[in-house]
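Engineer: when you get a sec, could you give me coordinates for this:
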Amino acid sequence: MEKLSDKPAMRWTALVIVSVTMMFGYFFTDVMSPLEPLLTAPVEDGGLGLGWTSDEYGFFSGSYGFFNVFLLLLFFGGIILDKFGIRFTGIMSTMLMFGGACIKWYAVSRGFEGSVTLPLGIGTYSTQVIVACLGFAIYGVGCEIAGITVSKVIVKWFTGHELALAMGLQVALARLGTAAALSFALPFATMIGGVSASVALGASLLCAGMVAFIVYSFMDKKEDAASANTANVDAEEGFKFSDLGLLFKNPGFWCVTLLCLMFYAGVFPFLKFATKLMVMKYGVNQGIAGFIPSMLPYGTIVLTPFFGYVYDRFGKGATLMLIGSVLLTLVHVVFALPMNSVAIAIAMMLVLGVAFGLVPSAMWPSVPKLIPMKLLGTAYALIFYIQNIGLSMVPILIGKVNQANTDDNGIIDYTQTMTIFAAFGAVAIVISLILLSLDKKKGYGLEQKNLK
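Structural biologist: The predicted structure follows:
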C-alpha cells in the first residue's frame, strides 16, 4: 500500500496544516513584543498603559521558557513524543498553548493589587506581571513541544524528498506569524482597546491552530496505516534511556545545539526589545516602530525556503550556518555603534533577515543527518531545551541592562545591550567553524545535498 507521504499533494497538505498551527503560535509568542511602549506607559496617564518597568517586561519576556528550563518539561516532552507519538503529543501541546494564552489574556485584561517578592533575590514584581508570566510559561511549554512535534512531522513526511525546503517553508510561515505580530499588534491594541485586545486575538488564533492539528491527526493515522509497519510506527521507534548515548557522545549534535543557543539568543530576545530600540535610538514614531523589526521575519518568509532549496539541491549546510552567524554578528556590531540613521537601522534589519534565513534553513534539516529517527523527538527536545535557556535568561539580562542604562529622562543607552548581542554572534561563528571541521573529519554529510 502506497504511503500518503509518497504523494506530493498529500505531504504538502500535511505541511500546510501543521505550519499554520505553528504560525499562529509564533504570532502569540511575539504579540507582546511591540507592545512594550504601552506596557511600560504609566497607568495614571489615563491611556492604555499598564505601568510595567523595563525590568518587569524583561522578566515577563523570559518567563516563556521558565517551566521548560527549570522543570525540564521540554526535555520530557521529547521523550513523550518518541514514546507516545505525534498525534498524542501534538494535541496535548496545542491544548497547553491555548490554556496558557487564556491565563495571559486574563492577566492583562484586569487590574491587580500588590506585588510578589520572588526568592533567591530574583526581584519584586507586580501581581499582574506574575500572573502573566504564569500563563506565558504554560504557553511556552506547549509551543516548544509543538515545535519539536512539527519538526518530526516534517521529517516523517519529507525524508528522501524536499526536506530542507519543507522545513524552510514551515519556518517561513512561522516568521509570517512573528511579522504579523510585530507589525499589527501595537496598532490593533491602540485602536481596539489596549494590550488585552491583541492578546485576545492571539488566543483566538491558537484555538484555530489546535483545531488544525486535530485535523492533521487524521492524516497522520492514515499515514501510519499505509506504512510497512502498520501496527504502530511511533511505538516501535520508542525511546530507550540506553540510546541517550547516541546524543551525548555526538560532537556534531552538540555543535548544532550550542549554535542554536547562541544564534537564537542573538535574534529572538533582540526582537522583543527592537521596537523600543527604534523609538529610543533612531527616533522612529512609536505607532510605526514595530514595522522595522518586522522586516526581519518578512524577509525570511522568502529566504528560508530559498536557502532550504539550495541545501536540498546543492548541500553546503555547515557553510550556510557559518555565513549566517557572521551576518548576525555584523548587524549587532553596527547597532552598537553611535549611528542614529534610520536608513542604517532598516538596512541592518534586512541583513539580519538574510542571516535568519540562512541558519535555520540549514540547521534543522541537518539534525536527522546526525541522529536516527527513533531519537529525533528527544534530540529536537534537547536542542529546544538548551535554546530555551537563552530565550529565558537573555531577556531578563537585557531588561536589567536596559534598566541600568536608563537616564533620568527615561532614555535608554543601547550600546551595552547591543554589544552583548554581538558577543552571542561571535561565539556562533566559532561554533560554526568547529562544526564545519567536524563534518569533514566524521562525514556527517552536512555539506551534501538532501535529495536522493
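Engineer: any regions of this structure where pLDDT drops low?
Structural biologist: 1-2, 44-47, 228-243, 452 (pLDDT under 70).
Engineer: would you confirm that residue 220 contacts residue 89?
Structural biologist: No: contact between residue 220 and residue 89 fails when scored by Cβ atoms under 8 Å: they sit 10.9 Å apart. In this view, the C-beta of every residue, glycine as well, is placed from N, C-alpha and C.
Engineer: the helix or strand containing residue 139: what's the following helix or strand?
Structural biologist: Following DSSP states H and E, one finds residue 139 within helix 127-158. Per DSSP H and E, helix 127-158 leads on to helix 163-192 as the next helix or strand towards the C-terminus.
Engineer: by contact count, what packs against whatever helix or strand comes next after that next one?
Structural biologist: Following helix 163-192 in sequence order, the next helix or strand is helix 195-226 (DSSP H and E). Contacts defined by 3 or more Cβ pairs under 8 Å, 6 or more residues apart in numbering; DSSP states H and E place helix 195-226 against helix 8-29, helix 86-108, helix 127-158, helix 163-192.
Engineer: which strands or helices does the first one pack on?
Structural biologist: Using 3+ Cβ pairs under 8 Å, 6+ apart as the contact criterion, the elements in contact with helix 8-29 are helix 86-108, helix 127-158, helix 163-192, helix 195-226.
Engineer: so which of those helices gets nearest residue 254?
Structural biologist: helix 127-158 (17.4 Å; Cβ to Cβ).
Engineer: so how far is that closest one from its chain's centroid?
Structural biologist: How far helix 127-158 lies from its chain's middle: 9 Å, per Cα atoms, centre = their mean, to the nearest Å.
Engineer: repeat that for stretch 114-129.
Structural biologist: 26 Å.
Engineer: so for it, first residue to last residue, what's the gap.
Structural biologist: 11 Å (Cα to Cα, to the nearest Å).
Engineer: in a strand, that's where residue 49 is, yeah?
Structural biologist: No: Residue 49 is assigned coil when assessed by DSSP: H, G, I helix; E, B strand; the rest coil, not a strand.
Engineer: ok, how many other residues are close to the spatially closest residue to it that is not a sequence neighbour?
Structural biologist: Excluding its sequence neighbours, the residue lying closest to residue 49 (Cβ to Cβ, 6 or more residues apart in numbering) is residue 41, at 2.8 Å. Neighbours of residue 41 under the rule other Cβ atoms under 10 Å: 17.
Engineer: just the one 10 residues further on next, same as before
Structural biologist: Summarising burial for residue 51: neighbours were counted as other Cβ under 10 Å, giving 14.
Engineer: same question for residue 183.
Structural biologist: 20.
Engineer: let me see the contact set for it.
Structural biologist: Listed by Cβ atoms under 8 Å, 6 or more residues apart in numbering, the contact set of residue 183 reads 34, 290-291, 294.
Engineer: and the residue lying closest to it once chain neighbours are set aside, how many neighbours?
Structural biologist: Nearest residue to residue 183 in three dimensions, chain neighbours excluded: residue 294, at 4.3 Å (Cβ to Cβ, 6+ apart). Using other Cβ under 10 Å, residue 294 has 26 neighbouring residues.
Engineer: residues touching residue 294, list them.
Structural biologist: 178-180, 182-183.
Engineer: go again using 7 Å as the cut-off
Structural biologist: Going by Cβ atoms under 7 Å, 6 or more residues apart in numbering, residue 294 touches 179, 182-183.
Engineer: and which of those residues is nearest residue 10?
Structural biologist: The nearest one, if we look at the contacts of residue 294 relative to residue 10 and count by Cβ to Cβ, is residue 179, at 28.6 Å.
Engineer: then residue 339 would be within a helix, right?
Structural biologist: No: assessed with three-state DSSP, residue 339 is coil; it does not lie in a helix.
Engineer: using a markdown table, lay out the contacts of residue 294 together with distance to residue 28.
Structural biologist: Output for the contacts of residue 294, formatted as a markdown table (distance: Cβ to Cβ, whole Å):
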| residue | distance to residue 28 |
| --- | --- |
| 179 | 14 |
| 182 | 13 |
| 183 | 15 |
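Engineer: name the nearest of these relative to residue 68.
Structural biologist: Using Cβ to Cβ, the contacts of residue 294 come closest to residue 68 at residue 182, 22.9 Å.
Engineer: residue 288 is in contact with that closest one, correct?
Structural biologist: No: with contact defined as Cβ atoms under 7 Å, residue 182 and residue 288 do not form a contacting pair (11.2 Å).
Engineer: neighbour-wise, which of those two wins?
Structural biologist: Neighbours per residue (other Cβ under 10 Å) separate residue 182 from residue 288, with residue 182 holding more: 28 against 14.
Engineer: leaving out sequence neighbours, find the closest residue to that one.
Structural biologist: residue 294 (3.8 Å).
Engineer: verify the stated contact: residue 258 with residue 430.
Structural biologist: No: assessed by Cβ under 7 Å, residue 258 is found out of contact with residue 430, at 9.6 Å.
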